[in-house]
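Colleague: With the input below, show me the fold.
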Amino acid sequence: MTEKELDTQTVGIDSVRPHPKNVRQGDIGAIAESLKAHGQYRAIVAQRSTGHILAGNHTWKAAKQLGWQEISVHWLDINDDRAMRILLADNRANDLASYDDGALAELLTSLSHTDDSLTATLFTGDDLDDLLFRLNGDLGAGHNTVSLAEGADIYADKNTRSIVLPFDIETYETVSAMCADLRKRYSLETNSDLIHHLVRRDHADS
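Modeller: Numbers count the residues shown, from 1 in each chain. Below is the predicted model of the structure:
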């Protein structure tokens, strides 16, 4: 791809349209939340000759849902065969991506302690709780085989601990909903924060 093939413009939103052969399913609600918080911070990509979107189909749908009249587009002057390959490659590249869970947990934890907490990240307090639980449970991270004694030493070196509360699915859904309401009431981000708050309050009252 050369620079001459890239042409970025702000155009009427109906100047482009989703690719009819796009098989990717995206979370339009989550993308709309990001657009409301941050605006469009990267252009979608479209084939000039057809107006078909090659990258950003769901960004376009979210923008339409929000009532946008314009959108930023990278126009590509390419044939249909190359357009289809770009469409597939863009979707597949997202499939192959992954996170460094440890670094992600540190970043989210750091943000959770700011005034805006996890607002506009598309991550929730529950996501952070789940991530920390997975990391705490992975006693053998970086080890192919770990003995019970070695696992205990690794766990002891960690700076966090987990309390596991098993529920059947119906009770879990009820408790999760109640926790979400209580987190909102007390302006707390994670279930860990909520439990700590409730236990301390109960202890102070007793």
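Colleague: Following element in sequence after the lowest-mean-pLDDT helix or strand in the chain, please.
Modeller: Using mean pLDDT, DSSP states H and E, helix 148-157 stands out as the lowest-scoring helix or strand of the chain, at a mean of 47. Downstream of helix 148-157, the first helix or strand assigned by DSSP states H and E is helix 169-186.
Colleague: Which elements pack onto that following helix?
Modeller: Under the contact criterion of 3 or more C-beta pairs under 8 Å, 6 or more residues apart in numbering; DSSP states H and E, helix 169-186 touches helix 125-137, helix 191-205. In this view, the C-beta of every residue, glycine as well, is placed from N, C-alpha and C.
Colleague: wait, which of the ones you listed is closest to Ala32?
Modeller: Among the helices and strands packed on helix 169-186, helix 125-137 comes nearest to Ala32, with 18.4 Å by C-beta to C-beta.
Colleague: And the residue most central in space within the chain, what's its pLDDT?
Modeller: Nearest residue to the geometric centre of the chain (C-alpha atoms, centre = their mean): Leu122, 4.9 Å. pLDDT for Leu122: 94.
Colleague: contacting residues for it?
Modeller: Residues in contact with Leu122, defined by C-beta atoms under 8 Å, 6 or more residues apart in numbering, are 30, 33-34.
Colleague: From the residues you listed, pick the one nearest Ile44.
Modeller: Looking at these and their distance to Ile44, the nearest is Ser34, at 13.6 Å (C-beta to C-beta).
Colleague: Give me the nearest residue to Pro18, chain neighbours excluded.
Modeller: Leaving aside its chain neighbours, Pro18 sits nearest to Asn57 (4.6 Å; criterion: C-beta to C-beta, 6 or more residues apart in numbering).
Colleague: For that neighbour, give its distance to Gly26.
Modeller: Counting by C-beta to C-beta, to the nearest Å, the gap between Asn57 and Gly26 amounts to 7 Å.
Colleague: Touching both of those two, which residues are there?
Modeller: Here Asn57 and Gly26 have no joint contacts, going by C-beta under 8 Å, 6+ apart.
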